[in-house]
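**Student:** quick one, what's the 3D model for this:
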Amino acid sequence: MDRRLFLAIFALSTLPAAAQESVWHRLAGGGHVLLLRHAATVPGVGDPPDFQLGACATQRNLSADGKADARRLGAALRREGVPVAEVLSSRWCRCLDTARLAFGSVKPAPMMDSMFQEDETGRQRKLAEVRRYLAAFKAPGNLVLVTHDVNIRALVGQYVNQGDMVIAVANADGSLRVTDTVPIKRLE
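**Tutor:** Numbering: from 1, shown residues only. Here you go, the predicted structure:
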């Protein structure tokens, strides 16, 4: 068994049911930002040298397990009555596919694109754009942002595995305060 999978299952098994219910209860009230790292992909890091943003065949895409995880996430959120106001996604196919499989509709958002190969100026520009959006977002329900690990680490300073979700509340300045982290395996 994969070590990370074992640790996620172990962590879930030690988490009281009341704590799990508390997360769902808070999300059902809306007002949160769900930072979702794309679901599991085929093995690799980054994208192949011939990567093209609009051509999924040139990218590292979701694995069969990743597709199943994305569907499971969407089903869990619906089952628990979590209202979703808007779903924004990186334009990378693995993010768009995660969002579509979990939520159905998605709005591609360049500000959620991977910062993996951007210089510091590009990263800071993208972070500022995301924070402006978060500061202005007032719709009822929860905002879902499907993106990449490097982006999540830049926004909240936290590493997450593929398919995992960070739950946060946006401050007035668009910065985020993390309230929970939900491993994808916790939704089983």
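**Student:** and residue 65, how many neighbours?
**Tutor:** When neighbours are defined as other Cβ atoms under 10 Å, residue 65 has 15 of them. No exception for glycine: its C-beta is placed from N, CA and C like everyone else's.
**Student:** got the contact list for the closest residue to it other than its chain neighbours?
**Tutor:** Nearest residue to residue 65, sequence neighbours excluded (Cβ to Cβ, 6 or more residues apart in numbering): residue 40, at 5.0 Å. Counting by Cβ atoms under 8 Å, 6 or more residues apart in numbering, residue 40 touches 62-63, 65-66, 69, 162-163.
**Student:** give me the pLDDT value at the residue of the chain most remote from its centre.
**Tutor:** Centroid-distance maximum for the chain: residue 50 at 25.4 Å, with Cα atoms, centre = their mean. What the model reports as pLDDT for residue 50 is 85.
**Student:** ditto for residue 117
**Tutor:** Taking residue 117 on its own, its pLDDT is 85.
**Student:** okay, now the residue nearest to it when sequence neighbours are not counted: neighbour count?
**Tutor:** Using Cβ to Cβ, 6+ apart and skipping residues adjacent in sequence, the residue nearest residue 117 is residue 46, 7.8 Å away. Per other Cβ under 10 Å, the neighbour tally for residue 46 reads 12.
**Student:** what's the answer for residue 150, then?
**Tutor:** Residue 150: 16 surrounding residues under other Cβ under 10 Å.
**Student:** contacting residues for it?
**Tutor:** 114-116.
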